[in-house]
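> Quick one, structure for this:
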Amino acid sequence: MSHIIQSCCSNNRKAQEQLYRLTYSFAMAIAMRYALDEHEAADILGQAYVKMFRSIQSFDATKGNFHGWLKRIVINEALDQIKQRSKFSHLELESAEEPFVNNSIIEKTDAAAIMRLIKQLPPATHAVFVLFAIDGYTHKEIAAELHISEGTSKWHLSEARKILQQKITTLT
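Coordinates of the predicted model:
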């Protein structure tokens, strides 16, 4: 992989195509978590790859692996798209109540159905939920990334859980 990356630094089109083919499934899976549909995920991915190839010379293997670096680019592009289609509330919230989650209902629901429900969340709530629950970001990291307070991040997570619980309950 390092040879391909080096060739991409020299704008070698065949190496770029090879890197694209090697990383497409990985990157698309990330984009799909944030996108409303495959079309939006493809847009996210297209922009992410443009940014990746433009800045590939800045990739430093001593600071992390390539997939982690690419993941960060795809997530940033997805968040940019979400910010464009919605306005994040600047309401500052300090605490949020944790809703009760019935795990037995969730266990009976397949992953694809849950992902469809997640995509129905309001854009800001969707972004916070995916960053926290799927990609493992902390509320502090989410707040910095989305320019909201930690309390607002916690509120969006609580709201996502509440909405998802209601939707999942209606499925069963």
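> Show the low-confidence segments of the chain, by residue range.
For the chain, the stretches with pLDDT under 70 are 85-110, 171-172.
> same thing but 90
1-2, 33-37, 40, 60-64, 79-120, 122-124, 133-136, 144-149, 161, 164-172 (pLDDT under 90).
> all strands of it, in order?
Secondary structure of the chain by DSSP state E: no strands are present.
> how about the helices in the protein?
For the chain, applying DSSP state H gives helices covering 2-9, 13-34, 38-54, 66-85, 103-107, 111-119, 123-129, 139-146, 150-171.
> would TSV of the ones you listed with distance to Asp60 and mean neighbour count be doable?
Backbone N, C-alpha and C define where each C-beta goes, glycine included. Rendered in TSV, the data for these read as follows (distance: least, Cβ to Cβ, whole Å; neighbours: other Cβ atoms under 10 Å):
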stretch	distance to Asp60	mean neighbour count
helix 2-9	11	15
helix 13-34	16	16
helix 38-54	14	17
helix 66-85	8	18
helix 103-107	40	9
helix 111-119	33	13
helix 123-129	28	23
helix 139-146	21	17
helix 150-171	29	19
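> Pull out the C-alpha coordinates of stretch 148-166 and format them as CSV.
Output of stretch 148-166 as CSV, limited to C-alpha atoms (Å, rounded to 0.1, in the frame of the first residue of the first chain):
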residue,chain,number,x,y,z
ILE,A,148,-21.8,23.3,19.4
SER,A,149,-21.6,22.9,23.2
GLU,A,150,-21.0,19.5,24.8
GLY,A,151,-24.5,19.9,26.4
THR,A,152,-26.0,20.3,23.0
SER,A,153,-24.2,17.2,21.8
LYS,A,154,-25.6,15.3,24.7
TRP,A,155,-29.1,16.6,24.0
HIS,A,156,-28.9,15.5,20.4
LEU,A,157,-27.8,12.0,21.5
SER,A,158,-30.6,11.8,24.0
GLU,A,159,-33.1,13.0,21.4
ALA,A,160,-31.8,10.4,18.9
ARG,A,161,-32.2,7.6,21.4
LYS,A,162,-35.7,8.7,22.3
ILE,A,163,-36.8,9.0,18.7
LEU,A,164,-35.2,5.7,17.7
GLN,A,165,-36.8,3.9,20.7
GLN,A,166,-40.2,5.2,19.7
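> Give me the residues contacting stretch 73-80.
Contacts to stretch 73-80, defined as Cβ atoms under 8 Å, 6 or more residues apart in numbering, come from residues 27, 30-31, 33-35, 44-45, 47-48, 51-52, 55, 127, 131, 135, 145-146.
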